[in-house]
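K.L.:
Quick one, fold the following:
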Amino acid sequence: MYFSTKPKRILRFGDYTKQKQHSSELSLIFKFFIKRKNQLLLSKKTKKAENYMAIQKSKKPKWLWKLTTLLQPKKIYRKKMAIKVENHHNLKEIFEEINSQYFSSSLALEIDWAGKGKTDSRSSIRLGCYNMRTQRIKINKILDYPHIPRYFVSFILYHEILHHIYPPVCQLGVKRKIHHPLFKKKEKEFRDYIAAQSFLKDLKKELFTPNPLKKTPEKA
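P.N.:
Residues are numbered from 1 along each chain as shown. So this is what the prediction gives:
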């Protein structure tokens, strides 16, 4: 057996007198108090640090603060210059003319240019498109040049408006027809239809003829 000369310390908590029975409860209480003590110490340290920084800032002279602000690199904000591109053909005016002449000013569609006015393709090109979901017409910027006649731009715009009025025909077991007979009939009612078709042929030759200066690789 082991004997000690030190007297035993019995912790009393309320009506309980035995240490063994309440060791778990006391350990939880001690842990809570230790945690709380650490939190208080941390809060005191942070307060002391904040007070110290405030005192140090107040000690610095004004000329030193001005010098530090001058030495700091300044951010340069550059204004973005908007480049204004003048259009040769005014699409809104052309749309108003077509709307009043053919559709009694009953249409309200959004019209805008699309593309950069250049094409690298040598096989196909889209001169105009109509989005049924947004009800918006876009005309290729390649038509916005002085050598393109106004009647041809108006014909392309008229063609895209017809897509809005006469949507594609869908039937069971038959392929969907975008340019159905009724669409083609209304397309021929355009005032300069024959002139527009002849110019379209010339434009195709201009866009899709191979460049004679560009050498094609010979096949081995």
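K.L.:
any low-confidence regions in this structure?
P.N.:
1-26, 45, 51-86, 117-123, 208-220 (pLDDT under 70).
K.L.:
all helices of the protein, in order?
P.N.:
Counting by DSSP state H, the chain has these helices, from start to end: 23-59, 62-71, 91-102, 150-165, 181-187, 193-208.
K.L.:
Identify, out of the ones you listed, the most deeply packed stretch.
P.N.:
Among the helices of the chain, the stretch with the highest mean neighbour count (mean count of other C-beta atoms under 10 Å) is helix 150-165, at a mean of 20. For glycine as for every other residue, the C-beta is placed from the backbone atoms N, C-alpha and C.
K.L.:
List the neighbours of that one that are in contact with it.
P.N.:
By C-beta atoms under 8 Å, 6 or more residues apart in numbering, the residues outside helix 150-165 that reach it are 89, 91, 94-95, 97-99, 102-103, 107, 109, 111, 127-130, 132, 135, 137, 139, 143-144, 178, 183, 186-187, 190-193, 195-196, 199-200, 203.
K.L.:
which one of the helices of the chain lies closest to K116?
P.N.:
With C-beta to C-beta as the criterion, K116 lies closest to helix 193-208 of these, at 14.9 Å.
K.L.:
helices or strands next to that closest one in the packing?
P.N.:
helix 150-165 (3 or more C-beta pairs under 8 Å, 6 or more residues apart in numbering; DSSP states H and E).
K.L.:
picking up where we left off before, okay, the helices of the chain in TSV with distance to Q171 next?
P.N.:
Shown next, in TSV, are the helices of the chain (distance: least, C-beta to C-beta, whole Å):
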stretch	distance to Q171
helix 23-59	78
helix 62-71	76
helix 91-102	28
helix 150-165	18
helix 181-187	13
helix 193-208	28
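K.L.:
Compare these and give me the one nearest G173.
P.N.:
Of the helices of the chain, nearest to G173 by C-beta to C-beta is helix 181-187, at 18.4 Å.
K.L.:
And the contacts of the closest one?
P.N.:
For helix 181-187, contacts defined as C-beta under 8 Å, 6+ apart pick out Y158, H159, L162, H163, I165, Y166, H179, Y193.
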